[in-house]
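# okay, structure incoming, though there's no sequence with it:
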Ligand SMILES: Nc1ccn([C@@H]2O[C@H](COP(=O)(O)OP(=O)(O)OP(=O)(O)O)[C@@H](O)[C@H]2O)c(=O)n1
Ligand SMILES: [Ca+2]
């Protein structure tokens with residue numbers, strides 16, 4: 001009897017010891033697994049891109065987790081700074097001063113990016129249509145402007161990677177990359193979004209089309225291999241069809257007679273401003289049509305009629321001939337539209353101001369008709385804080401956007417709702433700059449990166465259950481193979 005009790009006690013002791021040891025081992029194992037993968041204190045890397053547009057320059061600062069350069073959707077805009085004054089192309093009279101205009105935004109960037117990262121932070125400047133036009137007018141002046149900005153950027157503490165005039169094709173294609181990167185569509189390899197960008201001096205359209213684009217019009221074709229997927233892109237940039245140059249084209253149409261006043265349906269009733277002929281005809285976009293007049297200026301008078309305005313605007317496009325299977329305008333090839341589309345920059349500024357970012361094409365036309373017909377004094381009273389130059393032009397700009405999208409790009413009432421007017425995606429501005437930086441820093445790999453077969457939580461859970469199973473098996477073995485138990489059974 002005492003021998004039996006002794007045996008039982010020993011057995012219970014052994015069971016308790018094994019249980020405690022087993023539980024301790026499982027806890028230690030799981031704790032190690034969790035701690036090993038615990039995210040470290042997040043460190044960031046940075047990149048800076050200057051968007052030297054025709055109407056203004058903006059400095060964008062991007063950041064991404066230091067250890068995950070190649071992870072999609074990880075790069076985001078952390079700050080933007082709008083350079084005071086007009087775009088760098090407007091410094092053609094004093095090219096040396098273009099660089100100085102960037103200084104305060106560059107100082108801001110220095111204060112926002114940690115000192116330890118300054119030297120390794122890449123810094124790019126890309127100039128768009130304003131500089132393309134200046135280069136067409138006078139290459140030496142455009143070079144001087146670029147040297148001036150180069151001097152300032154080179155003297156910054158960042159890793160300066162160059163200032164250049166990007167091509168319209170790059171502007172369009174990188175806008176598409178930005179939109180699709182930010183909406184996380186590239187890694188999924190699912191459907192993509194087309195990109196519509198409207199600037200002051202040019203406008204871009206880019207969307208995935210089939211491979212025929214390259215055969216029909218090679219200059220409109222761009223191919224990307226991103227995360228293991230091939231993308232065949234149609235892209236075109238229309239120089240002179242940004243909204244400021246389009247206004248000049250429309251005014252040039254209406255001032256051909258050289259009269260002393262012009263009644264313009266694209267401006268509000270009661271609007272009346274003296275304009276110089278020079279201001280309308282000074283751009284290379286309209287130089288060819290300058291009328292032979294002796295007077296220097298004309299009075300620009302508003303008539304406020306959106307449907308008549310659309311007729312005026314239609315005349316700045318050339319639909320007369322097309323040597324391809326299909327065209328948008330000005331003899332430019334365009335394959336059938338493939339939506340959805342994101343429309344940003346001035347597409348957004350204008351449509352947002354006019355409250356036209358949602359609704360049908362017909363309702364947008366009606367709203368615009370009512371808006372354009374309202375007296376200029378009333379409009380000014382209602383928006384005292386909006387810059388008068390912007391305010392005066394919204395009727396024209398809205399009419400131009402509707403005409404460009406429908407008459408120009410062939411959007412219809414049915415496909416109108418494929419367009420989303422956007423400013424930002426997940427906190428970053430839509431535009432070409434992010435795509436440009438991702439490309440130059442090789443941050444989007446051509447092939448899909450390898451990913452672990454299990455997410456971290458799954459791995460820890462699996463580890464836990466396997467340990468539990470091992471422990472249980474050990475317990476069973478012990479329970480049935482313990483020699484003392486066997487002898488006990490024999491005794492009974
Ligand atoms: N709140 C705002 C801001 C800008 N604009 C206008 O929008 C146009 C285009 O702005 P943006 O996209 O910044 O053009 P840029 O990049 O300067 O020009 P581009 O791309 O052609 O070089 C300009 O006419 C500008 O006056 C506007 O109407 N309302
Ligand atoms: Ca732009």
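Right, received. Where do you want to start? Being a predicted model, the structure only gives us computed values, none of them experimental. Ligands and ions are numbered 1, 2, ... in the order given.
# C-alpha from now on. contacts and neighbour counts both.
OK.
# grab the nearest non-local neighbour of residue 256.
Of all residues not flanking residue 256 in the chain, residue 291 sits nearest, at 5.6 Å (Cα to Cα, 6 or more residues apart in numbering).
# for the helix or strand hosting residue 134, packing partners?
Residue 134 belongs to helix 129-137 when elements are defined using DSSP states H and E. Contacts defined by 3 or more Cα pairs under 8 Å, 6 or more residues apart in numbering; DSSP states H and E place helix 129-137 against helix 139-154.
# mean confidence (pLDDT) on stretch 184-198, please.
Stretch 184-198 comes out with an average pLDDT of 91.
# buried ones in that stretch?
184, 185, 186, 187, 192, 193, 194, 195, 196, 197, 198 (16 or more other Cα atoms under 10 Å).
# next, give phi and psi for the residue positioned nearest the centre of the chain.
Ranked by distance to the mean C-alpha position of the chain (Cα atoms, centre = their mean), the top residue is residue 430 at 2.5 Å. Note on residue 430: backbone dihedrals following degrees, to the nearest 10 are phi -80, psi 140.
# now do the longest strand that the chain contains against helix 129-137, angle only.
As assigned by DSSP state E, the longest strand anywhere in the chain is strand 229-239. Strand 229-239 and helix 129-137 are oriented at 60 degrees to each other (axes from the mean of the first three to the mean of the last three Cα atoms, to 10 degrees).
# which two from the buried residues of stretch 184-198 end up farthest apart in space?
187 and 198 (27.0 Å; Cα to Cα).
# need the pLDDT of the residue of the stretch 201-350 of the chain found nearest ligand 2.
Of all residues in the stretch 201-350 of the chain, the one sitting closest to ligand 2 is residue 345 (7.0 Å; Cα to the ion). Among the per-residue scores, residue 345 holds a pLDDT of 98.
# that one contacts residue 197, doesn't it?
Yes. Counting by Cα atoms under 8 Å, residue 197 is a contact partner of residue 345 at 6.0 Å.
# who touches both of those two?
Applying Cα atoms under 8 Å, 6 or more residues apart in numbering, one finds that residue 345 and residue 197 are jointly contacted by residue 431.
# which helix of this structure spans the most residues?
For the chain, the longest helix by residue count, based on DSSP state H, is helix 2-36.
# buried stuff in that helix?
For helix 2-36, by 16+ other Cα under 10 Å, it's 7, 11, 18, 19, 22, 26, 30, 33.
# for the fifth one, what are its contacts?
Shown in contact with residue 22 (Cα under 8 Å, 6+ apart): residue 471.
# now whatever residue of the chain ends up closest to ligand 2: how far from residue 187?
Distance from ligand 2 to each residue of the chain (Cα to the ion) is smallest for residue 199, at 4.5 Å. Remark: distance between residue 199 and residue 187 (Cα to Cα, to the nearest Å) = 29 Å.
# check residue 207 too.
Taken as Cα to Cα, the span from residue 207 to residue 187 is 17 Å.
# try residue 35
Residue 35 sits at a distance of 29 Å from residue 187 (criterion: Cα to Cα).
# low-confidence ranges, the protein, go.
Segments of the chain classed as low confidence (criterion: pLDDT under 70) are 1-8, 29, 36-41, 68-73, 287-288, 449-456, 459-460, 463, 478, 482-492.
# close to ligand 1: what parts of it are there?
Taking Cα under 6 Å from any ligand atom as the criterion, the chain approaches ligand 1 at residues 53-56, 128-130, 198-202, 242-244, 345-346, 349-350, 390.
# can you say which of these are buried?
Among the residues of the chain next to ligand 1, those buried by neighbour count (16+ other Cα under 10 Å) are 53-56, 128-130, 198-202, 242-244, 345-346, 349-350.
# pipe the buried residues of stretch 184-198 into TSV and attach secondary structure per row.
Listed next are the buried residues of stretch 184-198 as TSV, based on DSSP: H, G, I helix; E, B strand; the rest coil:
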residue	secondary structure
184	coil
185	helix
186	helix
187	helix
192	coil
193	coil
194	strand
195	strand
196	strand
197	strand
198	strand
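# follow-up on the earlier one: list the strands paired with the longest strand of the chain, with their directions.
Here strand 229-239 has these sheet partners by DSSP bridges: strand 202-208 (antiparallel), strand 221-226 (antiparallel).
# what about it and ligand 2, touching?
No. If you take Cα under 5 Å from the ion as the test, strand 229-239 misses ligand 2, and the best it gets is 11.2 Å.
# from what I see, residue 134 and residue 142 are in contact.
Yes. With contact defined as Cα under 8 Å, residue 134 reaches residue 142; the gap is 5.8 Å.
# identify the contacts common to those two.
Counting by Cα under 8 Å, 6+ apart, the residues touching both residue 134 and residue 142 are 89, 92.
# mind splitting this protein into its structural domains?
Residue ranges for each domain of the chain read 2-38+454-491, 243-421, as given by automatic domain parsing.
# quick revisit: can you list contacts of the next helix or strand after the longest strand of the chain?
Sequence order places helix 243-254 as the next helix or strand after strand 229-239, per DSSP H and E. For helix 243-254, the surrounding residues in contact (Cα under 8 Å, 6+ apart) are 198-202, 240, 262, 264, 280-281, 283, 285-286, 289-290, 312-313, 315-316, 346, 396-397, 400.
# out of those, which end up buried?
Neighbour counting with 16+ other Cα under 10 Å marks 198-202, 240, 262, 264, 280-281, 283, 285-286, 290, 312-313, 316, 346, 396-397, 400 as buried within the contacts of helix 243-254.
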